[in-house]
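K.L.:
Here is a sequence together with a model predicted from it:
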Amino acid sequence: MAPTNPALEVALPPTTYCSGSYISGEVHINFRHLQHDKYEQVWITVRGQGRSIVRHGFRTQCETIPLLELTRVLWTYGAEYPPPETDVLRLFFRFELPDILPPSFYHASSEGTGAVLYCLTTVGVRPGSSQPPRVIHIPIVIVPKDCADPLCTPLWSSPSLIMRTTIKDQAVRKRLWDDYATVRVEWSLPDAPVYPLFTSIPYIVDVTTTTAVLFRWGAGASSSIFPAPPTTAQQLILELVRRTRVRVKEEERTFESTVTQYLGLNRLPSAPVDVDLPEKEWMGVHDPDVKRSMQGGNARGMWVQRSCIRSSLTLDVSPTFNFNDMIECEYYFKLKIPFPGHGNDVELDSLPVMVISGINGPMARKEHIPRLQCPQSSGLPLSSEVWLPSEYWDVRGNREWQEFNKSIKPARV
């Protein structure tokens, strides 16, 4: 009967690694169970590769570029035994990563795939060709080491933090025969060329609406005057969108997908939100009816309404990169504020953001737990896990991982 516990196990702490850092862990050989598994040799390898696929009809083009391959024999039969007080031999390993590596990444669609895969593989070799080896694959997450100038990444929580503002003005009307009102949206982010991962980054959304010219009496009694600015964070949509370009020879595909939603309709915000709602203000205009204008009871003018929403967001995606012009990944923010009526939604898209790792050494993280394809960011720097889709972790069932693992030859080294 086969033992319940395997003779070979790998202990690798959940970690987000960066290029130039070390991957270290342990391989445990249980000699009590070794009589059944009969390993003659145990070796370990860290490998990485970039892989791009472009599909056009029934034609598929692929390109694969190796990134690293570090291999070491940890144990051969008879070379080392466990201490007398235990059945388990603990074998320590340590690999130094190259200084320059693209980040772990995966994007797949029906038209193409771009993947940067890294894996730690441990192989227990059995005697003879009839006995298959035991192979343990563990996907690992690597990001580029942050070598940015500290001046590029300010103190994000500082009250003196300088913000840059993007402004959009839009004319809106509730019905086709109505006069136009105006909406101004000001979207402010820290004035920095790069944004790091796992850091709480403040932002401000300031919405000012001005009604069409109307009579003050009657309309002013209403608490909601079109166009009314948002009064809660659930009335805004704020997303991080990823643009991925995949190339194979002369073929190229571009994909866009939402990777994080910070604010959404009828959903809880991802971070604490402060909403400031000043009293609406009346702005009078010249009224040819002098008597009515002097009395002020039903003068003509416009109502100005405003809301200011302050919160923060956290980035937990693969950093921006361009790998050999084969796979390119970049990001932009998309802010949408819905208003009643056809075509009245105000959108600020294509707000580019350069994402960097922000780390220069390995960071411990929680054990990976599968999440949704469009995750909701924590909004606070509580995690150091880079969000990657489920395919990145599926080393057995995913086609790209199957191709990746074909080149691993589980035989004696």
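P.N.:
Right, received. Where do you want to start?

K.L.:
Got the domain ranges for this protein?
P.N.:
The chain breaks down by automatic domain parsing into domains covering 8-145+391-406, 150-358.

K.L.:
which stretches of the stretch 151-300 of the chain form helices?
P.N.:
216-219, 290-295 (DSSP state H, counting those that start in this stretch).

K.L.:
Can you tell me which of those helices has the worst average pLDDT?
P.N.:
Looking over the helices of the stretch 151-300 of the chain, mean pLDDT reaches its minimum on helix 290-295, with a mean of 55.

K.L.:
Does the helix or strand following that helix pack against any helices or strands, and if so which?
P.N.:
Sequence-wise, the next helix or strand downstream of helix 290-295 (DSSP states H and E) is strand 300-313. In terms of contacts (3 or more Cβ pairs under 8 Å, 6 or more residues apart in numbering; DSSP states H and E), strand 300-313 is packed against strand 201-210, strand 214-215, helix 216-219, strand 251-263, strand 274-276, strand 281-284. Every residue, glycine included, has its C-beta placed from N, CA and C.

K.L.:
go again using 6 Å as the cut-off
P.N.:
strand 201-210, strand 274-276, strand 281-284 (3 or more Cβ pairs under 6 Å, 6 or more residues apart in numbering; DSSP states H and E).

K.L.:
what angle sits between that strand and strand 251-263?
P.N.:
Following axes from the mean of the first three to the mean of the last three Cα atoms, to 10 degrees, one obtains 100 degrees for the angle between strand 300-313 and strand 251-263.

K.L.:
Can you check which strand is longest in this protein?
P.N.:
Looking across the chain with DSSP state E, the single longest strand is strand 59-76.

K.L.:
so where do the strands sit in the stretch 101-250 of the chain?
P.N.:
105-109, 112-125, 134-139, 141-143, 163-172, 181-190, 195-196, 201-210, 214-215, 237-248 (DSSP state E, counting those that start in this stretch).

K.L.:
Please tabulate the ones you listed in a markdown table, including the columns distance to V27.
P.N.:
Formatted as a markdown table, these follow (distance: least, Cβ to Cβ, whole Å):
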| stretch | distance to V27 |
| --- | --- |
| strand 105-109 | 27 |
| strand 112-125 | 6 |
| strand 134-139 | 9 |
| strand 141-143 | 20 |
| strand 163-172 | 50 |
| strand 181-190 | 44 |
| strand 195-196 | 34 |
| strand 201-210 | 40 |
| strand 214-215 | 76 |
| strand 237-248 | 36 |
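
K.L.:
Which stretch among those strands approaches P272 most closely?
P.N.:
strand 201-210 (11.1 Å; Cβ to Cβ).

K.L.:
middle-most residue in this structure, spatially?
P.N.:
V317 (2.4 Å; Cα atoms, centre = their mean).

K.L.:
The residue lying closest to that one once chain neighbours are set aside - how many residues pack around it?
P.N.:
For V317, ignoring the flanking residues on the chain, the nearest one in space by Cβ to Cβ, 6 or more residues apart in numbering is V259 at 5.4 Å. Neighbours of V259 under the rule other Cβ atoms under 10 Å: 20.

K.L.:
What of R59?
P.N.:
8.

K.L.:
What does the pLDDT read for it?
P.N.:
pLDDT at R59 comes out at 88.

K.L.:
What distance do you get for it to V213?
P.N.:
61 Å (Cβ to Cβ, to the nearest Å).

K.L.:
W393 too?
P.N.:
59 Å.

K.L.:
and what of N5?
P.N.:
Counting by Cβ to Cβ, the gap from N5 to V213 is 80 Å.

K.L.:
do S257 as well
P.N.:
43 Å.

K.L.:
Same check on I162?
P.N.:
37 Å.

K.L.:
cool, R306 as well?
P.N.:
For R306 relative to V213 (Cβ to Cβ), the value is 19 Å.

K.L.:
More neighbours: which of those two?
P.N.:
Taking neighbours as other Cβ under 10 Å, R306 and V213 compare with R306 leading, 17 against 14.

K.L.:
which residues touch that one?
P.N.:
208, 278 (Cβ atoms under 6 Å, 6 or more residues apart in numbering).

K.L.:
who's it bridged to?
P.N.:
T208 (DSSP bridges).

K.L.:
related to what we said a few turns ago, which of the domains of the chain sits closest to I369?
P.N.:
domain 8-145+391-406 (10.0 Å).

K.L.:
Start and end of the closest one, how far apart?
P.N.:
22 Å (Cα to Cα, to the nearest Å).

K.L.:
next one: it to chain centre, how far?
P.N.:
Chain-centre distance of domain 8-145+391-406: 24 Å, with Cα atoms, centre = their mean, to the nearest Å.

K.L.:
Okay, now stretch 260-270: how far is its last residue from its first?
P.N.:
So stretch 260-270: terminal residues 10 Å apart, Cα to Cα.

K.L.:
what ranges of the stretch 201-350 of the chain fall below the confidence cut-off?
P.N.:
Counting by pLDDT under 70, the stretch 201-350 of the chain contains low-confidence ranges at 218-223, 287-297.

K.L.:
Give me whichever of the strands of the stretch 101-250 of the chain is most buried.
P.N.:
strand 141-143 (a mean of 26; mean count of other Cβ atoms under 10 Å).

K.L.:
tell me what that strand is packed against?
P.N.:
strand 15-18.

K.L.:
Adjacent strands (with direction) for the strand it packs on?
P.N.:
strand 141-143 (parallel), strand 363-364 (antiparallel).

K.L.:
circling back: for the longest strand of the chain, name the packing helices and strands.
P.N.:
strand 41-56, strand 88-96.

K.L.:
nearest to N398, of these?
P.N.:
Using Cβ to Cβ, the helices and strands packed on strand 59-76 put strand 41-56 closest to N398, at 11.2 Å.

K.L.:
can you tell me which residues contact the closest residue to I204 other than its chain neighbours?
P.N.:
Closest residue to I204 apart from its sequence neighbours, by Cβ to Cβ, 6+ apart: S188 at 4.2 Å. For S188, the contacting residues are 163, 165, 204, by Cβ under 6 Å, 6+ apart.

K.L.:
possible to save these as TSV with distance to R247?
P.N.:
Below are the contacts of S188 laid out as TSV (distance: Cβ to Cβ, whole Å):
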residue	distance to R247
M163	36
T165	35
I204	38
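
K.L.:
what about T86, which helix or strand?
P.N.:
Applying DSSP H and E, one finds T86 in no helix or strand.

K.L.:
typed the wrong thing, it's Q35
P.N.:
Counting by DSSP H and E, Q35 is part of helix 31-37.
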